[in-house]
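A.B. asks: Mind folding the following:
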Amino acid sequence: MPARPASEWRCAQSCTRVAHEARYNLIARPGSSRYQNSTAFIAELIAAAQLPQDSPNRAQAQAMLAAQGFAPDVLHIPYAKRVLGGLFAANIVFTDHSLATRLEGRYPVVTVRAIKAHLRALDLILAQREFRGGEAVEPGAL
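C.D. replies: Numbering: from 1, shown residues only. Alright, predicted model coming up:
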């Protein structure tokens, strides 16, 4: 799937509507059509902006990410936390992942770190800036 050059990226309001899935899941599976977390929204929005059509859909944005080799982070969630999180957290849906993933406790999830790595692999990061408490800090500084 050919991508638009970064200089031609545009994402009208239609892109944000297309990329947004209202059903939030903190640990949404990358590529899920049922759920989304906030970082998956950003990744899909970036992918949608690269697509040649003006009104792409989520599936097309997700396909673009897959074609570009996007690699999610894998979070290990211990069994006790999975049981308690599933019972008491309204925004965590473990069933968005396969049974094998749930049994193993290793969940692929879109994170800021995964997005940064993806953009770096595509040579799309020109600069990085971080702000804490309204002050600029060196990227990665604690």
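A.B. asks: how about the helices of this structure, start to end?
C.D. replies: 13-19, 38-50, 58-67, 79-88, 99-104, 112-121 (DSSP state H).
A.B. asks: most tightly surrounded among these?
C.D. replies: helix 38-50 (a mean of 22; mean count of other C-beta atoms under 10 Å). Where you see a C-beta, it was placed from the backbone N, CA and C, and this is true even at glycine.
A.B. asks: At the geometric centre of the chain, which residue sits there?
C.D. replies: Ala40 (2.2 Å; C-alpha atoms, centre = their mean).
A.B. asks: which residues does it contact?
C.D. replies: Contact analysis of Ala40 by C-beta atoms under 8 Å, 6 or more residues apart in numbering lists 28, 30, 32, 110.
A.B. asks: Any regions of this protein where pLDDT drops low?
C.D. replies: 1-19, 85-87, 140-142 (pLDDT under 70).
A.B. asks: re the thing from before, so which of the helices of the chain comes closest to Val137?
C.D. replies: Set against Val137 and scored by C-beta to C-beta, the helices of the chain come closest in helix 112-121, at 15.5 Å.
A.B. asks: from the middle of its chain, how far away would that closest one be?
C.D. replies: Its chain's C-alpha centre and that of helix 112-121 lie 10 Å apart, by C-alpha atoms, centre = their mean, to the nearest Å.
A.B. asks: counting contacts, what elements does that helix pack onto?
C.D. replies: helix 38-50 (3 or more C-beta pairs under 8 Å, 6 or more residues apart in numbering; DSSP states H and E).
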